[in-house]
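Participant: Model the structure of this input:
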Amino acid sequence: MSLRHNGHSDAHTIKNVIEKLMVPCNGTREGFLPCLCQTDPNKCPFCSLGKRKPQVDPRKEICVCPPQYTGKSCEGCAVGYRRDPPSGLVTDRCVECTCNNHATSCHPETGQCDCQDNTGGLFCDRCADGYYGNAFAPLGSKQVCKPCPCPAGAKCEQVFWPDKPIEVVCKDCPDNRTGVRCERCAQNFFGDPDKGIPCRPCDCSNNVDPRDFENCDRSVGRQHS
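Facilitator: Numbers count the residues shown, from 1 in each chain. Below is the predicted model:
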């Protein structure tokens, strides 16, 4: 059971919850006992169906929960539902998970979806890191989230041009690399990533300003003449 922690109000909230679990009920011919919350919603707001199961101790009320709730007093959100607002009190309502058809469940308190299909975000509303595409595209289409055409550790994004096809560009290139596909060494480094030659600092005998652009030849690592 999740409760907010703020001193005096914390103790008051716990007291209220305990009182809701100890509401006495009267017997009926069906063998079920009507909840007092049916006439006084402040005593048991979760028992919306108005009945409880018979118990040895009549003081302990167990509600018959609606589909979106679970627990002895329907204080928790059932699988496939989340608290609204996220991380709210046990008295806040439970609503269906919002996962963009990329998950069947979410965290009952925070609403974080268990995202699948290479998607991410709180509601699976974007592609996961290392993937690109459209998280809202139907499964099986060409627009779904696909692996980035980049080296490990890099991210990518789609660039939309007014008169050109959509281009996928790598971001945050690792190992001192740069380029649309992280295919070459960054400024003041030399090597050839496409051939497996790592990018190393240029050897210019400290005779150049490292802030200047293209101080050295990126293929051999020597100062430009």
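Participant: Tell me where the protein has helices.
Facilitator: If DSSP state H is used as the criterion, the helices of the chain fall at 8-21.
Participant: which stretches of it have low pLDDT?
Facilitator: Scanning the chain for pLDDT under 70 picks out the ranges 1-64, 72-73, 204-215, 218-225.
Participant: Would you mind giving the domain segments of it?
Facilitator: 77-147, 149-224 (the TED database).
Participant: among those domains, which is nearest residue 71?
Facilitator: Between residue 71 and the domains of the chain, the shortest separation by Cβ to Cβ is 8.6 Å, and it involves domain 77-147. Every C-beta, even on glycine, is put in place using the N, C-alpha and C of the backbone.
Participant: outside of stretch 147-158, which residues touch it?
Facilitator: Contact partners of stretch 147-158, identified using Cβ atoms under 8 Å, 6 or more residues apart in numbering, comprise 118, 129-133, 166-175, 177, 181-182, 193.
Participant: just to revisit the earlier point, include distance to residue 68 and mean neighbour count when you put the domains of the chain into JSON lines, please.
Facilitator: As requested, these are exported to JSON lines (distance: least, Cβ to Cβ, whole Å; neighbours: other Cβ atoms under 10 Å):
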{"stretch": "domain 77-147", "distance to residue 68": "4", "mean neighbour count": "17"}
{"stretch": "domain 149-224", "distance to residue 68": "37", "mean neighbour count": "14"}
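Participant: mind putting those in CSV, distance to residue 65 included?
Facilitator: As requested, the domains of the chain are exported to CSV (distance: least, Cβ to Cβ, whole Å):
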stretch, distance to residue 65
domain 77-147, 8
domain 149-224, 43
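Participant: Out of the contacts of stretch 147-158, list just those in strands.
Facilitator: When DSSP state E is applied, those are split such that 131-132, 167-171, 177 fall in strands.
Participant: mind putting the residues you listed in JSON lines, distance to residue 198 included?
Facilitator: JSON lines is the format used below for the ones in strands among the contacts of stretch 147-158 (distance: Cβ to Cβ, whole Å):
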{"residue": "131", "distance to residue 198": "26"}
{"residue": "132", "distance to residue 198": "26"}
{"residue": "167", "distance to residue 198": "26"}
{"residue": "168", "distance to residue 198": "24"}
{"residue": "169", "distance to residue 198": "22"}
{"residue": "170", "distance to residue 198": "17"}
{"residue": "171", "distance to residue 198": "20"}
{"residue": "177", "distance to residue 198": "9"}
